[in-house]
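>>> here are the coordinates; sequence isn't available:
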């Protein structure tokens, strides 16, 4: 048994990230590690239709909705009583950068092969590629 204490998994609700979540939970249970489930939302400013100015008050803060959705994904995939300590986290920023930053405190970082964005023909999504290249801990990309 390894000395893993913390496994971080990136979850965006996509089928690939859901597979990554269930795989990471099984690994965490097998190693006695905590599971940190991270969802990242990007803050984008969009002006209202017909407006030439951009103001932050026109963009609702999605963090609470995102947190609720993350909790639902965790419940859907791991059930009401997960086999590990699950620590859900919702963060703002660019997904690859946030996950790379999170890797500094992790023993393993887990991501799905493809998330919601990008081009379906690519073998790996851009977040998976960046994380695999720049994370400071071992990375598993779940197919």
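Received, thanks. Everything quoted here is computed from the prediction, not taken from an experiment.
>>> Residue ranges in this structure under the pLDDT threshold?
Within the chain, the stretches with pLDDT under 70 are 1-2, 43-61, 114-125.
>>> ranges for the helices of it?
Counting by DSSP state H, the chain has helices at residues 15-31, 63-78, 95-103, 126-134.
>>> Determine how far the last one lies from the middle of the whole chain.
Relative to its parent chain, helix 126-134 has a centroid offset of 13 Å by CA atoms, centre = their mean, to the nearest Å.
>>> can you check the longest one too?
Between the mean C-alpha location of helix 15-31 and the chain-wide mean there is a distance of 12 Å, by CA atoms, centre = their mean.
>>> if we can go back for a sec, can I get the helices of the chain in a markdown table with distance to residue 42?
To be clear about C-beta, it is placed using only N, CA and C from the backbone, and glycine gets the same treatment. Formatted as a markdown table, those follow (distance: least, CB to CB, whole Å):
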| stretch | distance to residue 42 |
| --- | --- |
| helix 15-31 | 15 |
| helix 63-78 | 11 |
| helix 95-103 | 7 |
| helix 126-134 | 11 |
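>>> Any chance of these in CSV with mean neighbour count as columns?
Output for the helices of the chain, formatted as CSV (neighbours: other CB atoms under 10 Å):
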stretch, mean neighbour count
helix 15-31, 20
helix 63-78, 15
helix 95-103, 21
helix 126-134, 18
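>>> These: which one's closest to residue 85?
The closest of the helices of the chain to residue 85 is helix 15-31. By CB to CB, the value is 8.1 Å.
>>> which non-adjacent residue is nearest residue 13?
Among residues not flanking residue 13 along the chain, residue 73 sits closest, at 5.5 Å (CB to CB, 6 or more residues apart in numbering).
>>> got it, and residue 23?
Distances taken as CB to CB, 6+ apart put residue 142 closest to residue 23, at 4.8 Å, once the chain neighbours are dropped.
>>> surely the one you found meets residue 110?
Yes: counting by CB atoms under 8 Å, residue 142 touches residue 110, with 6.3 Å between them.
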